[in-house]
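# using only what follows, build the 3D model:
(chains A and B)
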Amino acid sequence: MKTHASRPLRFASVPYDPEAPRPPVMPDPIMSRVPKPDPDSGRTIFNFGPSHPSTHGTLRLVLEVEGEMITRAWAEIGYLHTGFEKLAETLNYNQFIPLSDRMNYLSAINNNVGYAHAIEELLGIEITERCKYVRTTLAEMSRIADHLVCIGMQAVDIGAYAPFLWGFARREDLYDLFEAFCGARLTTSVTRIGGMLRDVSEDFVPGVRAFLDKLEETLRETDRLLTRNRIWMDRTQGIGVLSKEDALRYCVTGPVLRGSGIDHDIRKVQPYFAYDRIDFDVPIGSHGDVYDRYLVRLEEMWQSIRIIRQVLDDLPGGPINVYDNKRVLPPKEEVFTTIEGMIHHFELTMPKFGFKTEVGGQIYSCTESPCGELGFYVVSDGSGNPYRLRVRPPSFVNYAPIEHLVKGATISDVVAIIGSLNIIVGELDR
Amino acid sequence: MNETPALALQSEFPDVVRGVARQSGTREQWRVDVSKDGILPVLTYAKTRLGYCYLADITAVDYLSMPDPPEHRFAVVYVLRSREVAEPLVIRAFVPENDAVVESVTPLWNAADWLEREVFDLFGITFHHHPNLIRILMPENFDAHPLRKDFPTEGVGYRDDFPIVTR
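Numbers count the residues shown, from 1 in each chain, chains lettered A, B, ... in the order given. Model (predicted):
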């Protein structure tokens, strides 16, 4: 007995026709470059990515394997190419700040401060003392967030789940602090040219101090879970070794360079913000393998805690933004209540007005982001938009040795190596 | 010699180095303009004799719509770092449009491989003696160089040419 109404499909079904014309298949650029292996050699071509859980986005590797041993590799990037550098030429200097978030979305604040620093150097704006200290604090907090994710993701790729969860719990605490400061958790856009979005509130400092105490416990737990863990050591020691000479030839930066035993940190080499007044160490590894990069990141988080504590101890008072209405956005209360403030705001934000820059001015400015040296090469043409904005992405240069690093490793090691390089694809492809 | 590496370059290559400038401020840096043929000798000298062992960046600028344009359309920019001197050395070489070929620096640094491929991809500047000069960010069948100033930001029309997939 029929108890329910039935009806045909709403969409007409098309009978399957094997002879029907297929849509054109895009040529696979990488496979045409990969030579076919000799059938007697026992080698096979193995495709890895672009949508593999451990590629954290859209990386692709084509591996020539013999058994499970990789004999050669070809890397393919560009799946997330967004054209930020082209887009920047149509935006004014302040409008690029939200785009800088989208490049390295795991440590957006580091990109914000790096970009704002480059433009301030180009325009010759000296930011206030309080702003320097606040930027240092936020950049170090963002560095902690990035390293927690990096270690956690690397651990979860290799098979340990607890460090990932515990790290993410602390990262949530950090994001709560960011949210209380600027309203956003991931894409923060906290800086403006010449200052910050707003001053930190009164409960920011105690909130950060309470967070640091919790973080110390998490770092100790992560250390106990991983550093002497037999499985972790077997999976990471001697894997993906980048020797000192190779690190210099490939010009990698950040924890990858320091893991290879080279003492180079932009915060020490060419200090910016408050870093020249702060006492901290630069941890360096000795073997250049995945394990040393993990240890460097872990130690850098301890150093970040040191930096933040010192910065908070002597956080100066005073205004956070430079009061220079011709070059820095005026405070909002002035914009909404006075005619001068509104005119200045108008002149800085409308097209054909904006910043007065030098024709042909150029600067290369870099800061130490969690992945490495984040550089901005800016050329100005007198208008309010950058004439050319080059982002020197740390991920791009750090990922370049991948074809060399995976040679001789097994396929499961590729996962560990990619995790240890801390590749953010938004920044890699821009 | 160590305190003024850029001046050392100028005295060593007087007919190649076109100008030397210094940027002050927190981001102190030396800027050297060289001619196109001088890139490889100047960078080799800077690496082997002046201690600039570290290539931070290679990029390019298209000066087509600059209000006060320089003699050539493109400029290739190299940023070098040293382990002794804090300031980076920014070396810029102008490249004419009709002969946009420069010598590759991949023999000096492996890092130049991908960076030069990116400049080739986005600007169409060719690097002579590069081992594997193919596009890196854009698809291989792409036929333009997007960061050139005459490439429009929007309204390119590629989207209309995409094949319509019918199943």
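# what does the stretch 251-400 of chain A put close to chain B?
A:251-253, A:264, A:269-270, A:272, A:359-360, A:362-366, A:373, A:375, A:377, A:379, A:381-382, A:387-388, A:390, A:392, A:396-397, A:400 (CB under 8 Å from any CB of the partner chain). In this view, the C-beta of every residue, glycine as well, is placed from N, C-alpha and C.
# for B:Arg92, see how far away B:Gln29 is.
12 Å (CB to CB, to the nearest Å).
# quick one: contacts for residue 126?
By default, I'm working from chain A. A:120, A:322 (CB atoms under 8 Å, 6 or more residues apart in numbering or on different chains).
# if you could check chain B rather than the one you did, that'd help
B:100-102, B:120, B:133.
# who wins for most neighbours among those?
Compared across those, B:Val102 has the highest neighbour count, 23 neighbours, by other CB atoms under 10 Å in any protein chain shown.
# sec struct for that residue, please.
strand (DSSP: H, G, I helix; E, B strand; the rest coil).
# so for it, what's the pLDDT?
On the pLDDT scale, B:Val102 is placed at 91.
# of the residues of the stretch 251-400 of chain A next to chain B, which count as buried by neighbour count?
Using 16 or more other CB atoms under 10 Å in any protein chain shown as the burial test, those include A:251-253, A:264, A:269-270, A:272, A:360, A:362-366, A:373, A:375, A:377, A:379, A:381, A:387-388, A:390, A:392, A:396-397, A:400 as buried.
# in strands only, show me those.
Counted as lying in strands by DSSP state E, out of those, are A:360, A:362-366, A:373, A:375, A:377, A:379, A:381, A:387-388, A:390, A:392.
# ok but A:Leu9 is inside a strand, no?
No. Counting by three-state DSSP, A:Leu9 falls outside a strand, being coil.
# what number of residues lie near it?
6.
# which residues touch A:Leu80?
Contacts of A:Leu80 (CB under 8 Å, 6+ apart): A:57-58, A:425-426, A:428-429.
# of the residues you listed - the most surrounded one?
Neighbours here mean other CB under 10 Å. Within those, the largest count is held by A:Leu428, at 26 neighbours.
# if we ignore the residues flanking it in sequence, what's nearest it?
Distances taken as CB to CB, 6 or more residues apart in numbering or on different chains put A:Ser395 closest to A:Leu428, at 4.3 Å, once the chain neighbours are dropped.
# quick check: the one you found touching A:Ser369?
No. At 9.4 Å, A:Ser395 does not count as touching A:Ser369 under the criterion of CB atoms under 8 Å.
# give the residues shared as contacts by the two.
A:Asn104.
# so for these two, which residue has more residues nearby?
Neighbours were counted for A:Ser395 and for A:Ser369 using other CB under 10 Å; A:Ser369 has more, 29 against 26.
# what helix or strand is the residue lying closest to that one once chain neighbours are set aside located in?
Nearest non-adjacent residue to A:Ser369, counting by CB to CB, 6+ apart: A:Asn110, 4.2 Å away. Assigned by DSSP states H and E, A:Asn110 falls within helix A:108-123.
# do the helix or strand that that helix is followed by and chain B meet at all?
Going down the chain from helix A:108-123, the next helix or strand is helix A:129-158, by DSSP H and E. No. Helix A:129-158 does not reach chain B (CB under 8 Å from any CB); its nearest approach is 10.2 Å.
# tell me the phi and psi of B:Val76?
phi -100, psi 130 (degrees, to the nearest 10).
# likewise for B:Phe94?
According to degrees, to the nearest 10, B:Phe94 has phi -80, psi 140.
# burial count for it?
Around B:Phe94 there are 18 residues (other CB under 10 Å).
# same thing with A:Gln154?
Burial of A:Gln154 is recorded as 29 neighbouring residues (other CB under 10 Å).
# look up how far A:Cys371 lies from it.
14 Å.
# then A:Glu64?
28 Å.
# these two: who's more crowded?
Set A:Glu64 next to A:Cys371 and count neighbours by other CB under 10 Å: A:Cys371 wins out with 31 against 19.
# ok, and the closest non-adjacent residue to the more buried one?
Leaving aside its chain neighbours, A:Cys371 sits nearest to A:Pro394 (3.9 Å; criterion: CB to CB, 6+ apart).
# how much space between that neighbour and A:Pro316?
Applying CB to CB, the value for A:Pro394 to A:Pro316 is 30 Å.
# next: B:Asp121.
The value you get for B:Asp121 to A:Pro316, if CB to CB is used, is 46 Å.
# more neighbours: the two, which one.
B:Asp121 (22 against 12).
# the helix or strand that contains that one: what's the following helix or strand?
Per DSSP H and E, B:Asp121 falls inside helix B:112-123. Next along the chain after helix B:112-123, taking DSSP H and E as the criterion, comes strand B:126-128.
# what pairs with that next one, parallel or antiparallel?
Partners of strand B:126-128 in the sheet, by DSSP bridges, are strand B:101-103 (parallel).
# what residues does the strand it pairs with touch?
With CB under 8 Å, 6+ apart, strand B:101-103 has contacts from B:36-37, B:39-40, B:76, B:93, B:95, B:125-129.
# find the residue at the geometric middle of chain B.
B:Val76 (2.8 Å; CA atoms, centre = their mean).
# before we move on, back to that, what angle sits between the helix holding A:Asn110 and strand A:372-381?
40 degrees (axes from the mean of the first three to the mean of the last three CA atoms, to 10 degrees).
# helix A:108-123 vs strand A:386-392, what angle?
Per the same axes, to 10 degrees, the angle that helix A:108-123 makes with strand A:386-392 is 130 degrees.
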